[in-house]
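Novice: Here's my sequence, what's the structure:
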Amino acid sequence: MRFEPVIGLEIHAQLLTDSKIFCGCTTTFGASPNTHTCPVCLGMPGVLPVLNQQVVEFAMKMALATHCTIAPYSQFARKNYFYPDLPKGYQISQYEFPLARNGWVDVATEVTVRRIRIHRIHMEEDAGKLVHDEFQPVSYVDFNRTGVPLLEIVSEPDIQTPEEAAAYLRTLREVLRYLEICDGNMEEGSMRCDANISLRPLGTEPLGVKTELKNMNSFRNVQRALEFEIRRQTALLERGEPVIQETRLWDANRNVTLSMRGKEEAHDYRYFPDPDLVPIVVANDWVEAVRAKLPELPDAKRERFIRDYGLPTYDGEVLTSSKALANYFEAAVGAFPQPKTVSNWIMSELMRELKRDDRDIEACPVAPDNLAELLHLIDSGTVSGKIAKSVFEQMYATGKRARAIVEENGLVQVKDEGAIEKVVDEVLAENLTEVERYKAGNEKLLGFFVGQIMRKTKGKANPQLVNDILRKKLSSSWNQLP
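Specialist: So this is what the prediction gives:
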């Protein structure tokens, strides 16, 4: 019997607010353990939480960007469970009355574009972090993260393949980063993903028994964990054994999922409205005010780049993969209005250097106007394309202006026909055998002659002049003695 997977993702996105969701403690990452805490986020007796309004507005931005309906009334609830990193013994979240429902995003895969529905988006506080000692059987708890605001984005079980799951996750990360409400750093835990997966016989409607997968800190690991789980569940079902509803951890070192605990149902958490927090009432004018602040989103920007700049689809997808990269491109095009040339240099020379150094575009030492200056030097014939690449490397390494590097190193292109003709004569005189072979019909040797000329001029000869003079000489009764 053939089976098909049914996958849904629960994504937790840490919001880029300065303070926590219910207190004034900072959300800055990387501080010493238990230094960003107060009686409110530690759940001390007698304290009261106060909602951070910016958390609500950030959540509304994400809801609008993903076509959700924002509820005019929503409510916080207490999710009760015991774990050492939860100081209050409950987590403040939302249950029956979330902030937003019924959204969607379009996800591009290698095969097609699919619409993945979003079931709900709600706000909640984060728990602390357990640190396990490598040398003795003890664990420590760091409460700095306790109370940091999270958005939970829950998809419908619309995802059909592990590849589609990774693409959906990338799409949401892109939107979060464009909105500037989450940095999307999965390695640091500011964006986390849990996956629910079940199998059912191909072509049937009822859902199978699901397992929840945790501990996946990259797009690649999400895809690999789901691929393994499909193989594991398929093997169980083919042997006639039941799939157990449970939570499983992904072990990236061994490439396997491991049983962690039985999977809880919603009623196990004993949700009830939090008596310390008033309901949230969102008026329509507040929704419209937030909508007016939305930036141009990835899909719209991608379509505009392709339409207005005449870029291929691939270029548009690469250049809009991050808001910062898109801004860099537009700034460079503003100074050098040849979009495809700018795109080529960004996607080849610039992105190669950034990838090698593991840098983001925000940390690029070559400003957009400096890249444009280099392209103007090529366009005007001041430097050749080959010389320009070495100039760019120096620009990236030093941060210097393109023109300054060209002038300091005497790299201005030679356009003096007399000087170039002299070098052409020298090269032909040194390679008489090749000249005869060329005249006998081996025209591929033209590239050999050009290479020799460029070597003698250290790449500074104007390539077009070199070719014109060379062809003229070789097609005539050239005198070998210049």
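Novice: Tally up the residues packed near the residue lying closest to residue 77 once chain neighbours are set aside, please.
Specialist: Distances taken as Cβ to Cβ, 6 or more residues apart in numbering put residue 95 closest to residue 77, at 4.2 Å, once the chain neighbours are dropped. Where C-beta positions appear, they are placed from N, C-alpha and C, glycine not excepted. Per other Cβ atoms under 10 Å, the neighbour tally for residue 95 reads 18.
Novice: So, low pLDDT: which residues of the chain?
Specialist: In the predicted model of the chain, residues 1, 263-264, 266, 413-417, 419, 477-482 satisfy pLDDT under 70.
Novice: domains in it, as residue ranges please.
Specialist: Split into domains by automatic domain parsing, the chain comes to 3-286, 296-408, 417-475.
Novice: sorry, back to before: the residue nearest to residue 77 belongs to a helix?
Specialist: No - using DSSP: H, G, I helix; E, B strand; the rest coil, the assignment for residue 95 is coil, not a helix.
Novice: which phi and psi does it have?
Specialist: phi -130, psi -80 (degrees, to the nearest 10).
Novice: Looks like it contacts residue 120 (just checking).
Specialist: No - counting by Cβ atoms under 8 Å, residue 95 stays clear of residue 120, with 9.9 Å between them.
Novice: Distance of the closest residue in space to residue 71 that isn't next to it in sequence relative to residue 420?
Specialist: Counting by Cβ to Cβ, 6+ apart, residue 71 lies nearest to residue 99, which is 6.1 Å off, once chain neighbours are set aside. To residue 420, residue 99 is 70 Å away according to Cβ to Cβ, to the nearest Å.
Novice: These two - which one has more neighbours?
Specialist: Neighbour comparison, residue 99 and residue 420: the larger count goes to residue 99, with 24 against 21 (by other Cβ under 10 Å).
Novice: hang on, the more buried one packs against residue 280?
Specialist: Yes - the criterion here is Cβ under 8 Å, and residue 99 meets it with residue 280 at 7.1 Å.
Novice: Now for the two: what residues contact both?
Specialist: Residues within reach of residue 99 and of residue 280 at once, by Cβ atoms under 8 Å, 6 or more residues apart in numbering, are 56, 74.
Novice: For stretch 142-152, measure first residue to last.
Specialist: Counting by Cα to Cα, to the nearest Å, you get 22 Å between the two ends of stretch 142-152.
Novice: Same question for stretch 29-49.
Specialist: Chord length of stretch 29-49, first to last residue, is 22 Å (Cα to Cα).
Novice: Any buried residues in it, and which?
Specialist: 36, 37, 40, 41, 42, 43, 47, 49 (16 or more other Cβ atoms under 10 Å).
Novice: all helices of the stretch 351-482 of the chain, in order?
Specialist: 351-357, 368-379, 385-398, 402-408, 417-430, 432-439, 445-456, 463-475 (DSSP state H, counting those that start in this stretch).
Novice: Could you report the separation of residue 95 from residue 254?
Specialist: As judged by Cβ to Cβ, residue 95 and residue 254 stand 35 Å apart.
Novice: Report the contact partners of residue 86.
Specialist: 127, 128, 146.
Novice: who touches the residue nearest to residue 71 in this structure?
Specialist: 56, 59, 60, 63, 70, 71, 74, 121, 122, 123, 280, 282 are the contacts of residue 99 under Cβ under 8 Å, 6+ apart.
Novice: And the residues you listed, which of them are buried?
Specialist: Applying 16+ other Cβ under 10 Å to those flags 56, 59, 60, 63, 70, 71, 74, 121, 122, 123, 280, 282 as buried.
Novice: Not counting sequence-adjacent ones, nearest residue to the fourth one?
Specialist: Spatially, and ignoring its direct neighbours in sequence, residue 63 is nearest to residue 100 (3.6 Å; Cβ to Cβ, 6+ apart).
Novice: Distance from the chain centre to stretch 341-353, please.
Specialist: Chain-centre distance of stretch 341-353: 17 Å, with Cα atoms, centre = their mean, to the nearest Å.
Novice: Just the buried residues of it, please?
Specialist: Neighbour-count burial for stretch 341-353 [16+ other Cβ under 10 Å]: 341, 342, 343, 345, 346, 347, 349, 350, 351, 353.
Novice: Could you do stretch 372-381 as well?
Specialist: For stretch 372-381, the neighbour count (16+ other Cβ under 10 Å) marks 372, 373, 374, 375, 377, 378 as buried.
Novice: again, but for stretch 60-78
Specialist: Here stretch 60-78 shows 60-66, 68, 70-71, 74-78 as buried, counting by 16+ other Cβ under 10 Å.
Novice: Repeat that for stretch 133-141.
Specialist: Buried residues in stretch 133-141, defined by neighbour count with 16+ other Cβ under 10 Å: residue 141.
Novice: Now that stretch - C-alpha only, PDB.
Specialist: Extracted in PDB, the C-alpha atoms of stretch 133-141 (Å, rounded to 0.1, in the frame of the first residue of the first chain):
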ATOM      1  CA  ASP A 133      26.300  20.100  32.200                       C
ATOM      2  CA  GLU A 134      28.700  18.000  30.000                       C
ATOM      3  CA  PHE A 135      30.600  16.600  32.900                       C
ATOM      4  CA  GLN A 136      28.100  15.800  35.600                       C
ATOM      5  CA  PRO A 137      24.400  14.800  35.700                       C
ATOM      6  CA  VAL A 138      23.000  18.200  36.500                       C
ATOM      7  CA  SER A 139      21.200  20.900  34.600                       C
ATOM      8  CA  TYR A 140      21.000  24.700  35.100                       C
ATOM      9  CA  VAL A 141      18.200  27.000  34.200                       C
END
